[in-house]
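1. Just to be clear, the model below is a prediction. Sequence and coordinates:
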Amino acid sequence: PFSGLVRNYRKDGTPFWNEVTIHPVQTNGHVERFVGTVDDVTEKIELAAAKRSADMSALAAETRAQAERDVTAYVFHEFRSDLQVVTNAVVFWNEGEDVSDRLKKAARRSLAHCSSLVENIMDITKLKAGKMVLDSVPFDPADVCEKVCETMEHQFPDLADQRVAVPSNVCVVGSPRHLTQVLQNLMSNACKNTPDDGFVELAVDMMTETPHTYTMRFAVRDSGCGIAPDEQIRIFAPYTQVGVKQGTGMGLALSQALVRQMRGTVHVVSPWRDHGPGAEFSFVLTLAKGTQNAPTSSVATAQVTALPDHWKVLVADDNAVLRLCVARMLKKINDRWTIDEAASGEDVVEAASSNGYDVLFLDENMVPGGLKGTGATRRLRAAGVTGIIVGLTGSASEEHNAMAKDAGQDHVLGKPFSDIKALA
């Protein structure tokens, strides 16, 4: 007997499935004829296909969920490891022991790594929600590259050969914060997978220039272990971990997403040279020209030299330790200033009504459900307060900066920060 599936089409062009079965009919050992049956099994086939698709989707979802769980566990491990270094440094210092320069540097590297993890997680969340807004401010790419290389030198001090080649005196308009984030992710991956006697290079090449734009190629190259061809195909997928020293699997996926927001694409070539291993990650951006004398930050700045000794300053944050830290930074600028503290937006409004503060530092999110920093700023401006108001926030995005400016704040300082000398 023969049995098989046949795909047919109705007059309107829609497909359907028949199961055809043919049996031979024999008489005295000879086949006299064949008897066949044709059954419409379209519904059965479609149900089976739907089940296979559902099973594959469930398997893919479980695989992704497991990858996310693995990455979450890795991130927690990284946080705990970094916090252990910082905790040890603080405990040794608190016990009166001499904290070595090596431990101090390790603590700074750990804090920088924690900050980078937080930035990546926050931006991935924004991208998933479709709420990512890139800044659009004038900046010099050379400043961004210098900052990235300085960070890498602190995080990877044993890698002696870190190179940078960037055109100077170029002003473009874009998002320096997100470009920094992309380059730091690419440089960090390169440094992790390059031996101490190898090299990592950050290069920016000017490709074309028009009266209104620059087209620039950014490339991060290394002499590390390289990336296998099959890994190059999936390397930009979220939570994919490759290389000798694996990371969270977030950095490359986030970098690709951010560069695409800037209308570019990250490409990988490995090996990228005629001899030896290594990898090159590159992308091309076309950026509008900026004005050389324009402010190179989304947060306005002012010099703090020769400021009056009689200033009265209010520091508002619901975290007493953060109030202490900001007050100490201010005292380093001028120890003659009078510094008061407040723990809520309501306390700020009350204190400012009876004290002529020259400068007010207001955290955005103080007591949960209470008056925010921008809300307190609006009330103060409506009441005629003319002092300088500096907002403190963990979300120093262009969107938040615009909201803070609209409320009446003069400057915005994003957490974490190590000094406030650039703000008046």
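-> Arrived safely.

2. Let me know the pLDDT of residue 418.
-> With respect to pLDDT, residue 418 has a value of 66.

3. can you check residue 173 too?
-> 94.

4. so what's the backbone phi/psi at it?
-> phi -110, psi 130 (degrees, to the nearest 10).

5. hey, which helix or strand in the chain has the poorest pLDDT?
-> Ranked by mean pLDDT, DSSP states H and E, the weakest helix or strand in the chain is helix 101-129, scoring a mean of 77.

6. Packing partners of it?
-> Contact here means 3 or more CB pairs under 8 Å, 6 or more residues apart in numbering; DSSP states H and E; on that basis helix 101-129 packs against helix 42-94, helix 141-155, helix 176-192, helix 251-261. No exception for glycine: its C-beta is placed from N, CA and C like everyone else's.

7. Report all helices and strands that the third one contacts.
-> Using 3+ CB pairs under 8 Å, 6+ apart as the contact criterion, the elements in contact with helix 176-192 are helix 101-129, helix 141-155, strand 199-209, strand 213-222, helix 251-261, strand 279-289.

8. Adding mean neighbour count and distance to residue 357 as columns, could you present those in a markdown table?
-> Output for those, formatted as a markdown table (neighbours: other CB atoms under 10 Å; distance: least, CB to CB, whole Å):
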| stretch | mean neighbour count | distance to residue 357 |
| --- | --- | --- |
| helix 101-129 | 16 | 30 |
| helix 141-155 | 18 | 33 |
| strand 199-209 | 16 | 44 |
| strand 213-222 | 20 | 44 |
| helix 251-261 | 20 | 39 |
| strand 279-289 | 20 | 39 |
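
9. how about these in a markdown table, adding distance to residue 383?
-> Below are the helices and strands packed on helix 176-192 laid out as a markdown table (distance: least, CB to CB, whole Å):
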| stretch | distance to residue 383 |
| --- | --- |
| helix 101-129 | 34 |
| helix 141-155 | 39 |
| strand 199-209 | 49 |
| strand 213-222 | 46 |
| helix 251-261 | 40 |
| strand 279-289 | 40 |
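
10. gap between the two ends of stretch 150-170?
-> 20 Å (CA to CA, to the nearest Å).

11. Just give me how far it sits from the chain centre.
-> 20 Å (CA atoms, centre = their mean, to the nearest Å).

12. what's the following helix or strand after the lengthiest strand in the chain?
-> Looking across the chain with DSSP state E, the single longest strand is strand 15-27. For strand 15-27, the following helix or strand on the C-terminal side (DSSP states H and E) is strand 30-40.

13. and that next one, what other elements does it pack with?
-> strand 15-27.

14. Kindly recompute the last result at 10 Å.
-> Contacts defined by 3 or more CB pairs under 10 Å, 6 or more residues apart in numbering; DSSP states H and E place strand 30-40 against strand 2-9, strand 15-27.

15. what residues does it touch?
-> With CB atoms under 10 Å, 6 or more residues apart in numbering as the test, strand 30-40 has contacts from 1-3, 6, 8, 16-27.
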